[in-house]
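Trainee: Just need the structure, nothing else, for what follows:
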Amino acid sequence: ALGAVLVDADTIAREIVAPGSEGLAELVDAFGDDILLPDGALNRPALAAKAFAGDDTRAILNAITHPKVGRRTAELVAAAPGDAVVVQDIPLLVEGGMAAGFHLVAVVHAGEQERLHRLVELRGMPEADARARIAAQATEEQRREVADVWLDNTGDEAALVAAVRTLWSERLVPFEHNLRTRSAAPADPVLTAARPEWEQQAHRLIARLALAAGGPAMRIDHVGSTAVPGLAGIDVLDLQITVADLRAADALAEPLALAGFPRLEQVDHDTPKPAYGAGGETDPAVWAMRLHGSADPGRPARVAVRVDGWPGQQFALLLRDWLRADESVRAEYADLKRTAADAAARHPEPAAAEAAYAEAKAPWFDRAFHRAWQWADATGWSA
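Mentor: As a prediction, the model looks like this:
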């Protein structure tokens, strides 16, 4: 109703097994003609009783239907307008391992007992069949692992509708705009207490980045403050893609942008550490990198693409592990971040605030670079 282009997998699944279709003929060959109604249409409960009886039979069903559903889905998505928000309704998205292929995943959830009630009481499915179907589905924990948005579908309907409208206006519409215009969601330099969800959110973004980057990504890591448990930080996930060289980094610009991580063209290097004029001797060329941002306003992130073995790539991993291991350094860095956040708060313009935050932290990093490597030598740390 809000204007999304809806691609409903259940509707497509019915379409590809309609009477006279190739899909229905293949199902009859695999499961027998007793899965048909007298008029020749598919008897879905009869098919479910056979197909969900075990892993082998479910695999046969999926092998017949999934490719056909995939092809029809691709046709409908390709036909959507260029500025559309396309919502794909996929009941088995988690089971099919498809979550990383989407810019955002919203799970509309009901508990197992409620789902059982709906299948039996509202759809007329035999209870044994309903339980077998639920047993074959992903668990709540597995769904939560991939969910960027969790919508409760067991309470007041008006509350659910309100939540969806908020999701649409505050996240999906600006997300689509950012994707189309290759814009990253802004990173507001406001310090917040550590959040336990940061790590799982990072895992979801890493899965998307890995799918988009493919083989050129030698590794993808969660770095920065949000990767250090208990450390306050700006609510922006820092991620690092390691590549073999800058050519590989540049080649990732388009696939990452399409996946929701547009390039921040104004940034093409890290600040050398220690800074020049403060004893730095490293060739500035090896501090080159490429920076991307998340287009999702609901989950800001910065994705640095760095060359394997170069000092910036190594230091991002080293700093994270040093902070994780040394409580006193962690407390010292937390104090620094509070000072930097206070400096940023004096600048109403976001770009100026971000610059002030970075400038306030720079002197500490000059010293920390050597201290961290001393810790690495003492402990035998390795990336």
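Trainee: contacts and neighbour counts: CA atoms only from here.
Mentor: Noted.
Trainee: what about stretch 291-306, start to end distance?
Mentor: 9 Å (Cα to Cα, to the nearest Å).
Trainee: again with stretch 293-311
Mentor: End-to-end span of stretch 293-311 (Cα to Cα): 21 Å.
Trainee: pLDDT score assigned to R115?
Mentor: For R115, the model assigns a pLDDT of 82.
Trainee: ok, now which ones touch it?
Mentor: Going by Cα atoms under 8 Å, 6 or more residues apart in numbering, R115 touches no other residue.
Trainee: can I assume H222 is in contact with Q240?
Mentor: Yes: using Cα atoms under 8 Å, H222 is in contact with Q240, at 6.5 Å.
Trainee: Can you get me a residue count around A130?
Mentor: A130 has 22 neighbours, counted by other Cα atoms under 10 Å.
Trainee: Contacts for the helix or strand harbouring it next, please.
Mentor: Following DSSP states H and E, one finds A130 within helix 127-135. Residues from elsewhere that reach helix 127-135 (Cα under 8 Å, 6+ apart): A48, A49, F52, A53, E112, L116, L119, V120.
Trainee: Kindly recompute the last result at 6 Å.
Mentor: Applying Cα atoms under 6 Å, 6 or more residues apart in numbering, the external contacts of helix 127-135 come out as A49, V120.
Trainee: so after that helix, what's the next helix or strand?
Mentor: Downstream of helix 127-135, the first helix or strand assigned by DSSP H and E is helix 140-146.
Trainee: roughly how far is that next one from the heart of the chain?
Mentor: On the basis of Cα atoms, centre = their mean, to the nearest Å, helix 140-146 sits 13 Å off its chain's mean C-alpha point.
Trainee: ok, which stretches of the stretch 201-350 of the chain are strands?
Mentor: Assigned by DSSP state E, counting those that start in this stretch, the strands in the stretch 201-350 of the chain fall at 219-223, 233-234, 237-243, 290-293, 301-307.
Trainee: and the ones you listed, which one's lowest on average pLDDT?
Mentor: strand 233-234 (a mean of 92).
Trainee: Show me the shaky parts of the stretch 51-200 of the chain.
Mentor: Residues of the stretch 51-200 of the chain meeting the criterion pLDDT under 70: none.
Trainee: picking up where we left off before, now do the buried residues in the helix holding A130.
Mentor: D129, A130, R131, A132, R133, I134 (16 or more other Cα atoms under 10 Å).
Trainee: Could you do stretch 58-66 as well?
Mentor: Across stretch 58-66, burial judged by 16+ other Cα under 10 Å covers L61, I64, T65.
Trainee: and the top helix by length along the chain, how far from the chain's centre?
Mentor: Secondary structure assigned by DSSP state H gives helix 350-379 as the longest helix of the chain. Helix 350-379 has its C-alpha centroid displaced from the chain centroid by 28 Å (Cα atoms, centre = their mean).
Trainee: Let me see the mean pLDDT of that helix.
Mentor: 89.
Trainee: on contacts alone, who are the packing partners of it?
Mentor: Using 3 or more Cα pairs under 6 Å, 6 or more residues apart in numbering; DSSP states H and E, the elements in contact with helix 350-379 are helix 327-345.
Trainee: Run the angle between the helix it packs on and helix 350-379 for me.
Mentor: If you take axes from the mean of the first three to the mean of the last three Cα atoms, to 10 degrees, helix 327-345 sits at 170 degrees to helix 350-379.
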